[in-house]
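> how would this look folded up:
(one chain, ligands or ions: 1)
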Amino acid sequence: MDLTANKKIFQLNAHTPRAVTAYRCETNFVRTECLVPFLNKPYFDSLCENGCPNYGSKWSCPPYAPDYKQFVKKYEYIYVFLLSIELEQLAYIRQQYLKVRAANTILKSRIDKALRSAMEENEYYISSGSCRLCKSCRKKADLPCAHPERMTYSFEAMGIDASLLAENLFQRELLWYREKQLPAYTSAVAGLLTNDKNENTKVVDALRKLS
Ligand code: SF4
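Numbering: from 1, shown residues only. Next up, the predicted model:
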């Protein structure tokens, strides 16, 4: 099955106090079941357990995050968003790793804000990282989630392999900062679950408004 048939590319700008940074937003609209081949929840849970301080300390992270296949049962379609920044633009930041962090902050904050504002009542969004609705997740104090209807999970927390997803839906490779080597670009991945079969660009429109 060709998973790239509905792929679209938008070129956008992010205005920050330091600069105007160009970024690319690729979107794809597929049935939720199309992502099931990229699911391996036990493997990604074990990676989190062995390498991430958030494991067990956020309600949106493993082992509390649900399995993608179970969670998306009530939704037929998903928009997937892949946002990327070419890091050579961030020459005004000296340290290589800080370029990646700054670019990730630009992308993650924008896509999460756009998804929150564009999402309708019967839809749900998959965030670009763990839930950031509270300054500190209530799980750390062993308290119930503060916003159970609004909290979000990431693809990775639900067991989806984001690298496979990017390759198959966008023919793009996710690059990482490794061994002090700056990659050419950095990316954020997010999604919107819906039952509306009519494709629209409301999330990209919301991204444009954020500028
Ligand atoms: S809404 Fe708050 S308490 Fe709930 S998962 Fe998000 S950060 Fe944690």
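> can you give me the strands in the chain?
With strands called from DSSP state E, the chain shows them at 8-15, 20-31, 77-86, 124-126, 185-194.
> of these, which is nearest the ligand?
Proximity to the ligand (C-beta to the nearest ligand atom) singles out strand 124-126 among these, at 13.0 Å. Every residue, glycine included, has its C-beta placed from N, CA and C.
> how close does Glu173 get to the ligand?
According to C-beta to the nearest ligand atom, to the nearest Å, Glu173 stands 30 Å off from the ligand.
> that residue: neighbour count?
Glu173 is flanked by 12 other residues according to other C-beta atoms under 10 Å.
> which helix is the longest one in this structure?
Taking DSSP state H as the criterion, the chain has its longest helix at helix 96-118.
> how about the residues of this protein that lie near the ligand?
Residues of the chain found near the ligand (C-beta under 6 Å from any ligand atom) are 58-60, 131, 133-134, 137-139, 145-147, 151.
> just the buried residues out of those, in PyMOL syntax.
Buried residues among the residues of the chain next to the ligand (16 or more other C-beta atoms under 10 Å), as a PyMOL selection:
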select buried, resi 58+59+60+131+137+139+145+151
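> adding pLDDT, write the residues of the chain next to the ligand out as JSON lines.
Compiled in JSON lines, the residues of the chain next to the ligand are given as follows (pLDDT from 0 to 100):
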{"residue": "Lys58", "pLDDT": "97"}
{"residue": "Trp59", "pLDDT": "98"}
{"residue": "Ser60", "pLDDT": "98"}
{"residue": "Cys131", "pLDDT": "96"}
{"residue": "Leu133", "pLDDT": "94"}
{"residue": "Cys134", "pLDDT": "96"}
{"residue": "Cys137", "pLDDT": "97"}
{"residue": "Arg138", "pLDDT": "97"}
{"residue": "Lys139", "pLDDT": "97"}
{"residue": "Cys145", "pLDDT": "98"}
{"residue": "Ala146", "pLDDT": "98"}
{"residue": "His147", "pLDDT": "97"}
{"residue": "Met151", "pLDDT": "96"}
